[in-house]
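S.K.: A predicted structure for the sequence below; I have some questions about it.
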Amino acid sequence: MHVTVRRATAVDAPALARLRWRWRVEERDERGTDRASFLEFFTAWVIDHLSTHVPFVIDVDGRLSGMAWLMLAARVPSPALMDRRTGDLQGVYVVPDMRNSGVGAALLDAILREARDRELEHVTVHSSDRAAPLYLRLGFTDGQNWLHWKR
C-alpha cells in the first residue's frame, strides 16, 4: 500500500466535494440539497476559503481516500503573546475501507506538522466518540474548560 498525504490545492476541490458528499449523504444519510448543487457549491467554497481552511488529502495507491482541514484563526493579542494564531481541525474523513489502517494518523500527523510550522498556539478538534482515542494518542487533551453554545 502506497500512502501519500499532501496539502490539497484548488485543483482538488471537486474531489474534496465528492468525498464530503459521500461522507455526509451516502454514509450518514444527511439530507439537504441535490448532489449537483452541493458539488458546485462546495467546490467554490473550497477555492474561496483556501486562505483560512488549509485542506489535506490522503492518496492510497492513486485513490483519494481521505481529507481534513486546518482552519486558521487569529486570537486577540496579549502583552505576553502578541501573535496568537490558532487552528481548528475540521472535516476529518477517511473512506470506510481505509479506516484503522494508519492512514488517518498519517493525515493528522501532516496537519499537526503544518500547525507546528505555522507556530500555532493550539489546535482544537470537535471529535466523535469513535475518533477521540486517536486524537488523544496524537497528543490532544480532553479540554475540560471547552464550553459550547449552540443556536
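M.R.: Sure, I can see it. Just so you know, these numbers come straight off a predicted model, no measurement behind them.

S.K.: so where do the helices sit in this structure?
M.R.: For the chain, helices defined by DSSP state H occupy the ranges 13-21, 35-48, 103-117, 132-137.

S.K.: Going by mean pLDDT, which of the ones you listed comes out lowest?
M.R.: Per-stretch mean pLDDT for those is lowest at helix 132-137 (a mean of 91).

S.K.: still on that earlier bit, is it possible to get TSV of the helices of the chain that adds distance to residue 85?
M.R.: Where you see a C-beta, it was placed from the backbone N, CA and C, and this is true even at glycine. Listed next are the helices of the chain as TSV, based on distance: least, Cβ to Cβ, whole Å:
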stretch	distance to residue 85
helix 13-21	24
helix 35-48	20
helix 103-117	9
helix 132-137	20
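
S.K.: And the residue nearest the centre of this structure?
M.R.: Nearest to the mean C-alpha position of the chain, by Cα atoms, centre = their mean, lies residue 68 at 2.4 Å.

S.K.: okay but it is in contact with residue 55, surely?
M.R.: Yes - between residue 68 and residue 55 there is a contact at 7.5 Å, judged by Cβ atoms under 8 Å.

S.K.: So what pairs up with the residue nearest to the centre of the chain in the strands?
M.R.: Going by DSSP bridges, residue 68 is paired in beta bridges with residue 56.
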